[in-house]
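[1] below: sequence and its predicted model.
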Amino acid sequence: MAQTVTAEAAGVVPPPAPARTPAQPHRRKRVLNWIGVHTLAVTALLFFILPFVFLFLTSVMSDKQALTSHLWPTSWEWGNYTEVMRTPGFGTWWRNTLMYAGLGTLFTVVSSLPVAYALAKFRFRFRGVALMLVISSMMLPPQVIVIPMYIFWAKQMHLSGTLWPLIIPMAFGDAFTIFLLRQFLLTIPSEYLDAARVDGCGELRILISIVLPMIRPAIAAVALFQFFYCWNDYFGPQVYASENPGAWTLSYGLESFKGAHQVNWNLMMAATLLVMAPVILVFFFAQKAFIEGVTLTGVKG
Amino acid sequence: MTTTAPAAAKVPAALRRQRRRRNLRTLAFLSPWLIGFSVFFAYPLGATVYYSFTRYDLINPPVWVGTRNWNYVLNDYPALWQALRNTLWLVVVMVTLRVIFGLGLGMLAIRLKRGSGLFRTLAYLPYLAPPVAATIGFAFLLNPGTGPVNNLLGDAGLPQPGWFTDPDWSKPALTLLALWGIGDLLVIFTASLLDVPREQYEAAELDGVGPWQKFRYVTWPAITPVVLFAVVTGVIQTMQYYTQAMVAGKVASGVIGNSGQPFEPGYPQGTTLTLPQLVYQEGFSTFNTGAACVISLILFAIAMTFTFVLLRRRSGLLDDD
């Protein structure tokens, strides 16, 4: 709309001042454009940020006020946060979550790297098939195989009520991590590796002392992804740990903040923000690696 | 390795030894995944097929019942069709809106000269919120009684829907939650939009084409592969849709989380039911393991179909660059 108007305006400009007039409508169009773009941007940002603001404001309300429709806290009850942290179980869930996410990430990266390296840099007969199977298992909903897996871990291994059924499989490669690392490894010129091979370097040494330093950003990205995956996992702990509150993670335990008799929205929101906070903190420190990783999943290849 | 048998016979012993060593080395590098794939993928998949033909309550040994579970789930189990209908709704509405919204935000982000980085960071943040936390947060924001959203809608004189508690609004509420967490699509769309060669826009401007034509003939052809990728992965994610629907149902229905109080997923009135939730329900609440395995396999078939589409359309995934 604005464009056609300005085009007409440009057409009817009298000839005497040709040097100045074309700039005039052009500038108006630019200003209108600027206002439009920034209005949209601010509206979008409100949509993204306001929920956090409301959660926070409710988290510092008193029990009574949290049950009203007030938006602004009358008294700032910072004690809600200490109350949440003192809730029995909360500390245990923190430890469990850190163990699940920490060990899970470590196992996944260590076991997936050699697989990704082989898929990217070795030539062998069933490579295409192997890669297709990796991608297929990446797309598989975890619920498809959960019944036999549960029977296996509970009946044969007697590990139900713990997080080990979730952690142990991560020592055997994770499809998504393998796929992502492979995409990164493809970008490393094979000449580097060939040069090392000519010098008599073994593949494992090439991987550790030549490739690893080059793909540090990729390692950071997949480690973050896996850490967040474990941190956020709800289905896994629900299946294997629900029977034992001592093995719950934050994501699973969070629901129980609803309180026994009524909804304590203030405590619930404080707990919710406490579960969100570490993830967001980690993101701010590792933003670049993370964004690079997300980009790679979708754009490359 | 690709040489035929008679040719291999002529190969000198030293070379053959080297080849065998190389094969062993490949095997060693692949071994974590080979074990993982067999033990945590192939075996359980086969076992799921087996259990789908048995009656098994997890206590007594499984009893072969033939196709009884299949008959039951396909003929006398309306929840399956309801879950499939819900999934179709989510695919058509949620995935489509996510792609459109993500694309729009991406185009907005690259138009911002200053503050583009800040805009992208802030828009990305909600995607990082753990799904359980985000869902509980939205259950509060959208709660019909005292929630701030209905509060503001009321002030503006607009209707106040029941959101997660209303069968007509439960899926739109989940869609709103999914749009909030648009960060992943924002990042890949922004990256692919920045990859469109600037000269093409400049050439189009010289030809005097409008913004719509610029989008239609310059932007769109360049980003189609990424849009397709977003759609297909969106569909695959929707097949797995579990946590948000389960948690929203629990919180909105008033079931106190994991207190052992029974919760039938899908609240309200089965409108948020999805296949993965049915698997959990049948497998771990009613202990109808056979039926759970049948549902698992239906889920598997659908997910694999879409994976196949993804692999076919983006065969680049399998290339060597």
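    Looks like it arrived, so ask away. As the structure is a prediction and not an experimental result, all values here were calculated from the model.

[2] any low-confidence regions in chain A?
    Applying pLDDT under 70 to chain A flags residues A:1-24, A:258-262, A:294, A:296-301.

[3] identify the residue of it closest to chain B, quick one.
    Going by Cβ to the nearest Cβ, chain B is nearest to A:Glu255 of chain A, at 2.2 Å. Heads up, the C-betas are built off the backbone N, CA and C, glycines and all.

[4] that residue: neighbour count?
    Residues near A:Glu255, counting by other Cβ atoms under 10 Å in any protein chain shown, number 24.

[5] that one contacts B:Gly249, correct?
    No - if you go by Cβ atoms under 8 Å, A:Glu255 and B:Gly249 don't touch, sitting 11.3 Å apart.

[6] what is the neighbour count of the closest residue to A:Leu207 other than its chain neighbours?
    Nearest residue to A:Leu207, sequence neighbours excluded (Cβ to Cβ, 6 or more residues apart in numbering or on different chains): A:Tyr117, at 5.3 Å. Neighbour count for A:Tyr117, taken as other Cβ under 10 Å: 25.

[7] A:Tyr117 contacts A:Leu204, correct?
    No - proximity of A:Tyr117 to A:Leu204 does not meet the contact threshold set by Cβ under 8 Å, at 9.4 Å.

[8] isn't A:Met269 right up against B:Leu141?
    No - using Cβ under 8 Å, A:Met269 makes no contact with B:Leu141, being 9.8 Å away.

[9] overlap in contacts of those two?
    Residues within reach of A:Met269 and of B:Leu141 at once, by Cβ atoms under 8 Å, 6 or more residues apart in numbering or on different chains, are A:Leu55.

[10] looking at those two, which is more packed in?
    Neighbour comparison, A:Met269 and B:Leu141: the larger count goes to A:Met269, with 27 against 23 (by other Cβ under 10 Å).

[11] burial measure for the closest residue in space to the more buried one that isn't next to it in sequence, as a count.
    Nearest-residue entry for A:Met269: A:Ser59, 3.9 Å, with adjacent residues in sequence omitted and distances by Cβ to Cβ, 6+ apart. If you count neighbours by other Cβ under 10 Å, A:Ser59 ends up with 25.

[12] thought A:Ser59 was touching A:Asn264?
    No - counting by Cβ under 8 Å, A:Ser59 does not reach A:Asn264; the two are 10.6 Å apart.

[13] just the element for the residue nearest the centre of chain B, please.
    Residue closest to the average C-alpha location in chain B (Cα atoms, centre = their mean): B:Gln237, at 0.5 Å. According to DSSP states H and E, B:Gln237 maps onto helix B:220-239.

[14] touching that helix from outside, list them.
    Applying Cβ under 8 Å, 6+ apart, the contact partners of helix B:220-239 are A:139, A:141, A:298-299, B:87, B:90-91, B:94-95, B:98-99, B:102-103, B:185, B:188-189, B:192-193, B:195-197, B:200, B:275-276, B:299, B:302-303, B:306-307, B:309-310, B:313-314.

[15] then stretch B:179-195?
    A:47-48, A:51, A:291, A:294-295, A:297-299, B:97-99, B:101-103, B:105-107, B:109-110, B:120, B:123-129, B:134, B:138, B:219, B:222-223, B:226, B:229-230.

[16] before we move on, back to that, can you tell me the SS state at the residue nearest to A:Leu207?
    Here A:Tyr117 is helix, with the state taken from DSSP: H, G, I helix; E, B strand; the rest coil.

[17] do the same with B:Pro167
    Here B:Pro167 is recorded as coil under three-state DSSP.

[18] so who does A:Val275 touch?
    A:Val275 touches A:Leu250, A:Ser251, A:Leu254, B:Pro130, B:Val132, B:Ala133, counting by Cβ under 8 Å, 6+ apart.

[19] what residues are up against the third one?
    A:Leu254 is in contact with A:Ala271, A:Thr272, A:Val275, B:Val132, B:Ala133, B:Ile136, B:Gly257, counting by Cβ under 8 Å, 6+ apart.

[20] please apply the same query to B:Thr54.
    B:Thr54 neighbours (Cβ under 8 Å, 6+ apart): B:Pro62, B:Val63, B:Trp64, B:Val65, B:Asn69, B:Thr289, B:Gly290.

[21] repeat for A:Gly91
    Applying Cβ under 8 Å, 6+ apart, the residues contacting A:Gly91 are A:Met85.

[22] give me the next element, helix or strand, following the helix or strand where it lies.
    Per DSSP H and E, A:Gly91 falls inside helix A:90-121. Where DSSP H and E defines the elements, the next helix or strand beyond helix A:90-121 is helix A:127-139.

[23] how about the very next helix or strand once past that following helix, does it reach chain B?
    The helix or strand immediately downstream of helix A:127-139 is helix A:146-151, counting by DSSP H and E. Yes - shown here: helix A:146-151 in contact with chain B (Cβ under 8 Å from any Cβ of the partner chain) through A:Val146, A:Ile147, A:Pro148, A:Met149, A:Tyr150, A:Ile151.

[24] skip the chain neighbours and tell me the closest residue to the third one.
    Same thing as A:Pro148. Of all residues not flanking A:Pro148 in the chain, B:Ala47 sits nearest, at 3.5 Å (Cβ to Cβ, 6+ apart).

[25] separation between the one you found and B:Val95?
    B:Ala47 sits 32 Å away from B:Val95, going by Cβ to Cβ, to the nearest Å.

[26] neighbour count: those two, which is higher?
    Legend: neighbour count by other Cβ under 10 Å for B:Ala47 and B:Val95, higher for B:Val95 (21 against 17).

[27] so who does the more buried one touch?
    Neighbours of B:Val95 in contact, by Cβ under 8 Å, 6+ apart: B:Val231, B:Gly234, B:Val235, B:Thr238.

[28] follow-up on the earlier one: so how do I select the buried members of the residues of helix A:146-151 next to chain B in ChimeraX?
    This is the ChimeraX syntax for the buried subset of those, where burial follows 16 or more other Cβ atoms under 10 Å in any protein chain shown:
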select /A:146,147,148,149,150,151
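
[29] closest one of the residues of helix A:146-151 next to chain B to A:Gly161?
    A:Tyr150 (11.8 Å; Cβ to Cβ).
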